[in-house]
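Structural data only, the sequence is not supplied:
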């Protein structure tokens, strides 16, 4: 139970969940063309950042980086839901489907804040 209170586990889970729908599925669905390749590569870069924070940092640095890295994405989802923004022709955060990304991106932030001075 103690491991659930650290940002590392949530960063790893988030990176795995981010890689599937953000990188692999769009690449398969779009046929690997250059039309949307930039968005797919941005998702891949963000996955690398998440894994880097999870495996290459620890303690206070990991907690603070998880907050700093995940907070803007959570704000993006909130703004996307309020303004009904679209990405690649699909809504960014349609309700009630947006509850899952809100939760997944909030957990590293919450555990990072709890361990901010650890």
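Ah, there it is. Note that the coordinates shown come from a computational prediction; the quantities given were computed from them, not determined experimentally.

I figured residue 62 hits residue 8, correct?
Yes - here residue 62 lies in contact with residue 8, judged by Cβ atoms under 8 Å, at a distance of 6.3 Å. From N, CA and C alone the C-beta is placed, and that goes for glycine too.

more crowded one of those two?
In this view residue 62 and residue 8 are compared by other Cβ atoms under 10 Å, and residue 62 has more residues nearby, 23 against 19.

List the buried residues in the worst-scoring helix or strand of the chain on mean pLDDT.
One helix or strand of the chain scores below all others by mean pLDDT, DSSP states H and E: helix 25-29, with a mean of 75. Neighbour counts over helix 25-29 (16 or more other Cβ atoms under 10 Å) mark 26-27 as buried.

what's the answer for stretch 24-40, then?
For stretch 24-40, by 16+ other Cβ under 10 Å, it's 26-27, 36, 40.

what does stretch 78-98 give?
Buried residues in stretch 78-98 (16+ other Cβ under 10 Å): 80-81, 92-93, 98.

and the end-to-end length of that stretch?
The first and final residues of stretch 78-98 sit 9 Å from each other (Cα to Cα, to the nearest Å).

Same question for stretch 89-99.
First-to-last distance for stretch 89-99 - Cα to Cα - comes to 20 Å.

average pLDDT for that stretch?
The average pLDDT within stretch 89-99 is 82.

hmm, back to that, please flag which of the buried residues of stretch 78-98 sit within helices.
80-81 (DSSP state H).

Make TSV out of the buried residues of stretch 78-98 and add distance to residue 111.
Below are the buried residues of stretch 78-98 laid out as TSV (distance: Cβ to Cβ, whole Å):
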residue	distance to residue 111
80	23
81	23
92	24
93	22
98	21
